[in-house]
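In: What follows is a predicted protein model with its sequence.
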Amino acid sequence: MSSALTFVTVVFETETHLLELQARSMSLHLDAEEVDEILVLDNCVLGMGEWTRRRLLRAYGRLQGRVRIVRTTAVIDPRAAGGWRSQQAAKLAIASQVKTPHYVVLDAKNHFTRATSATEFVGPDSRAHGHPHSYESHPLRASLVTTLQYVHAEPDVIARAVKSFPPTATPFVFDTAAVRALILDLEERSGLPFGEEFERHKLLEFFLYAAWNETRGRGLRKLRDEVPIPSPTVWPKAASEEGVRSAIDEHARDGAAVFAVHRQALAKADAAALELIAIQWVSFGLFTDTPAAQAFIRRFRRRYLPSLVWVRGVERARRSLQLWRARSTSEERADPVQGNRAPSRTSPDARPETSAI
């Protein structure tokens, strides 16, 4: 039997209903003997409400005893990295709490579509699955190059990586020991907590993991094979009947165990596209019939915009409060004799300047 896996998903307010759908799919399609733990990283600005937690745990069904909800603030200092970037950093920082050799990171948009075992993610030689692709004309090419330069990759390594490098899409399989080694190395070299160093250099989690292992770790070939983990996705730019059909056809062609619908696609798609999504969800066993799936979509769409407005409003208020506190602290530290004030900061704690590793 394959080694058990840990599954990790980061969620914030607008995605909790999609996470409920993912939970339902995991209960239906995952081999329970191969699930060690399911870690939900709660990145909601004020934390998940009790009612949301209970609803979510019910959706995990037979797996709910293996679910643990962890606040991202428990693994990443919110003063160091916030919002979207805190989600990225938390996917790596959570390795300190993972008990299995590998863990699979998902987004809330992912859901399982058929019986799925650990062999979908890790091969018999204990290397993680994951097929690379080209970044030569990819919009994230510059970010990839910046990350490689951060770890002092040689020009030939950068050139090869631009031609072929691991994807930035979920599901993504991390080697737990490799992530822990990465974090320790960055903290020792920078003298900063991992979250602060991650934010300071605007890093991306998947690029950092792959780049560090290629230049300072065991090497990607020892950690990953080139077996793909197909996960067709309905993206916001393809939130049309044609776009949904394309993702469905890709799912069938590749025999994928995972499908994904981005929250923005679900919010903006027209009626024809939404009906196709609902029908597909029924075929995956996630709903008993199309009207039930369509009712789920209507509930999501009703709550999506108010939830987004709420999140952005709270985040703006929080940033304003932090700025006010920083300015107040700066004024209190003003030299009473010389009249010189300490420079204002965007967080209440001073952050020492250090160069990249």
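Out: On my side now, so go ahead. Numbering: from 1, shown residues only.

In: in its sheet, what does the host helix or strand of Phe259 sit against?
Out: Assessed by DSSP states H and E, Phe259 sits inside strand 258-261. Here strand 258-261 is paired, per DSSP bridges, with strand 110-112 (antiparallel), strand 233-234 (parallel).

In: next structured bit after the first one?
Out: Moving toward the C-terminus from strand 110-112, the next helix or strand (DSSP H and E) is helix 141-150.

In: Quick one: residues in contact with that following helix.
Out: 135, 138, 157-158, 161-162, 165, 201-204, 207-208, 211, 215, 356-357 (C-beta atoms under 8 Å, 6 or more residues apart in numbering). C-beta: built from backbone N, CA, C; applies to glycine.

In: Looking at the residues you listed, which are in strands?
Out: Among the contacts of helix 141-150, no member is found in strands (DSSP state E).

In: among these, which ones are buried?
Out: Neighbour counting with 16 or more other C-beta atoms under 10 Å marks Tyr135, Ile158, Ala161, Val162, Phe165, Leu203, Leu204, Phe207, Leu208, Ala211, Thr215 as buried within the contacts of helix 141-150.

In: still on that earlier bit, dump the strands paired with strand 258-261 into TSV; add mean neighbour count and distance to Lys268 as well.
Out: Formatted as TSV, the strands paired with strand 258-261 follow (neighbours: other C-beta atoms under 10 Å; distance: least, C-beta to C-beta, whole Å):
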stretch	mean neighbour count	distance to Lys268
strand 110-112	25	19
strand 233-234	24	11
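
In: Next, format the ones you listed as CSV and append mean pLDDT and distance to Leu144.
Out: Converted to CSV, the strands paired with strand 258-261 look like this (pLDDT from 0 to 100; distance: least, C-beta to C-beta, whole Å):
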stretch, mean pLDDT, distance to Leu144
strand 110-112, 98, 23
strand 233-234, 97, 20
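
In: can I get those in a markdown table with distance to Ala252?
Out: Shown next, in a markdown table, are the strands paired with strand 258-261 (distance: least, C-beta to C-beta, whole Å):
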| stretch | distance to Ala252 |
| --- | --- |
| strand 110-112 | 15 |
| strand 233-234 | 14 |
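
In: among those strands, which is nearest Pro171?
Out: Taking C-beta to C-beta as the criterion, Pro171 comes closest to strand 110-112 out of these, the separation being 6.4 Å.

In: what's that closest one in contact with?
Out: 9, 21-22, 24-26, 28-30, 170-171, 231, 257-260, 284, 286.

In: go with 7 Å
Out: 21-22, 25-26, 29-30, 170-171, 231, 257-260, 286 (C-beta atoms under 7 Å, 6 or more residues apart in numbering).

In: now do stretch 179-187
Out: So stretch 179-187 is contacted by Leu92, Ala93, Ala95, Ser96, Pro193, Phe194, Glu197, Tyr209, Trp212, Arg216, Gly217, Ile357 (C-beta under 7 Å, 6+ apart).

In: hmm, 10 Å instead?
Out: Stretch 179-187 has contacts (C-beta atoms under 10 Å, 6 or more residues apart in numbering) with 89, 91-96, 98, 102-103, 150-151, 174-175, 192-198, 201, 203, 205, 208-209, 211-213, 216-218, 356-357.

In: From those residues, keep the buried residues only.
Out: Buried by 16+ other C-beta under 10 Å: 89, 91-95, 98, 102-103, 150-151, 174-175, 192-198, 203, 205, 208-209, 211-213, 216-217, out of the contacts of stretch 179-187.
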